[in-house]
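Undergrad: fold the following and give me the result.
(chains A and B)
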Amino acid sequence: MNHPVGALTDTVHQRVRLGILSVLAESRRADFGYLRDALEVTDGNLSKHLQVLESAAYIVVEKTFEDRRPRTWIALTKAGRDAFAGEVAALRALLDRVTPRGRR
Amino acid sequence: MARETADTLLSDIERLRRRTRTDLHPTWFPLVVFGALSMASAAVAVRFGPTALGFFWAVTAPLGSIATGFYYWRRQDRVGLQAPAAPYLIGAAGIVLGAFLTGGLGGALGAPAVSALGPPLFVSAGYLLFARLARSRGLAAVAVALALVTVATGVARIPSDRAAWTLALVYGAVFVATGLVFRASQTGGR
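TA: Prediction:
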């Protein structure tokens, strides 16, 4: 039987990146400021993680101008949604393996 | 990986998803707007009879929907988070259309009970759909409770003219009260 750890992916299995995907999985898109505040990270830290996810084609980043101010919107791709669902399923499977459901 | 790490990550994910849903769906606003309109419609039904309800909602339902859409749009823009609009637009259109069709059908068939009970049942079903979209158990419980009240009104054979304004008043009061509770919990938690 395969161990659930094998289903975890390095790109997604990171606290901030999982947080980004969690927010995006619930919405059509979120802006940079919302993600930064929700995840309590700095601009630089968030940018770094967004680049990793964008490189993996898990998110799309759209830069716009609204009222002559730059705004960055981030949305989840189909691949990102699948990767996020896979990660959550792997974490749950891992937890079930360590702690059977009846004993939690 | 330690069990605690997986547990912590899953808890963080759930907390963020819940926060995002709350920020995306300020459900209190449509509840208060349509609750207030529903209570006003009860007064219209008492003063001018239940047939006036159709005219009242023909004017106020689109206005309430536009106000809600505008509020959601402004708020999502300010917060920096957007939800897919199509399911909500389709749901709102379904409620308005279903309520008008059952109301008119009751009149055409000479069945005042259908006119009195059909529209509220469509409203309950619509709010159940909204609860599903926003994954709000509180809103789902309110929608089911109101549907049961509507069915009970029919079973108790309350005269249809009285049932129309009574249900409008009950729906209105419950919507406004629920909306205010949601607003307090949503703004209090931040």
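
Undergrad: pLDDT value on the residue nearest to B:Q186 when sequence neighbours are not counted, please?
TA: In this structure, B:Q186 finds its nearest non-sequential neighbour in B:T22, 5.7 Å apart by CB to CB, 6 or more residues apart in numbering or on different chains. Just so you know, the C-beta spots here come from the backbone N, C-alpha and C atoms, and that holds for glycine as well. B:T22 is assigned 86 on the pLDDT scale.

Undergrad: state whether B:T22 is indeed within a helix.
TA: Yes: secondary structure of B:T22 (DSSP: H, G, I helix; E, B strand; the rest coil): part of a helix.

Undergrad: for it, grab the count of nearby residues.
TA: Using other CB atoms under 10 Å in any protein chain shown, the number of residues around B:T22 comes to 18.

Undergrad: in a strand, A:W73, correct?
TA: Yes: the assignment for A:W73 is a strand, going by three-state DSSP.

Undergrad: wait, it sits on A:F65?
TA: No: counting by CB atoms under 8 Å, A:W73 does not reach A:F65; the two are 11.7 Å apart.

Undergrad: neighbour count winner among these two?
TA: Taking neighbours as other CB under 10 Å, A:W73 and A:F65 compare with A:W73 leading, 19 against 8.

Undergrad: tell me the contacts of that one?
TA: Neighbouring residues of A:W73 by CB atoms under 8 Å, 6 or more residues apart in numbering or on different chains: A:R29, A:A30, A:D31, A:F32, A:V61, A:E62, A:K63, A:T64, B:Q82.

Undergrad: swap in A:T64?
TA: By CB under 8 Å, 6+ apart, the neighbours of A:T64 are A:P70, A:R71, A:T72, A:W73.

Undergrad: one more time with 10 Å
TA: With contact taken as CB atoms under 10 Å, 6 or more residues apart in numbering or on different chains, A:T64 is in contact with A:D31, A:P70, A:R71, A:T72, A:W73.

Undergrad: ditto for B:E14
TA: Contacts for B:E14 were tallied using CB under 10 Å, 6+ apart; they are A:S22, A:V88.

Undergrad: mind checking the SS state of A:T9?
TA: Here A:T9 is recorded as coil under three-state DSSP.

Undergrad: point to the residue nearest the middle of chain B.
TA: For chain B, B:Y127 is the residue whose C-alpha lies nearest the centre (CA atoms, centre = their mean; 4.2 Å).

Undergrad: again with chain A
TA: The centroid of chain A falls nearest to A:L21 when counting by CA atoms, centre = their mean (2.2 Å).

Undergrad: hmm, A:L53 and that residue touching each other?
TA: Yes: between A:L21 and A:L53 there is a contact at 7.5 Å, judged by CB atoms under 10 Å.

Undergrad: now the common contact residues for the two.
TA: Shared contacts of A:L21 and A:L53 (CB under 10 Å, 6+ apart): A:V12, A:I59, A:L76, A:G80, A:A83.

Undergrad: next, format those as JSON lines and append pLDDT, neighbour count and distance to chain B.
TA: Converted to JSON lines, the shared contacts of A:L21 and A:L53 look like this (pLDDT from 0 to 100; neighbours: other CB atoms under 10 Å in any protein chain shown; distance: CB to the nearest CB, whole Å):
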{"residue": "A:V12", "pLDDT": "85", "neighbour count": "21", "distance to chain B": "11"}
{"residue": "A:I59", "pLDDT": "97", "neighbour count": "24", "distance to chain B": "15"}
{"residue": "A:L76", "pLDDT": "96", "neighbour count": "24", "distance to chain B": "12"}
{"residue": "A:G80", "pLDDT": "95", "neighbour count": "23", "distance to chain B": "14"}
{"residue": "A:A83", "pLDDT": "93", "neighbour count": "22", "distance to chain B": "13"}
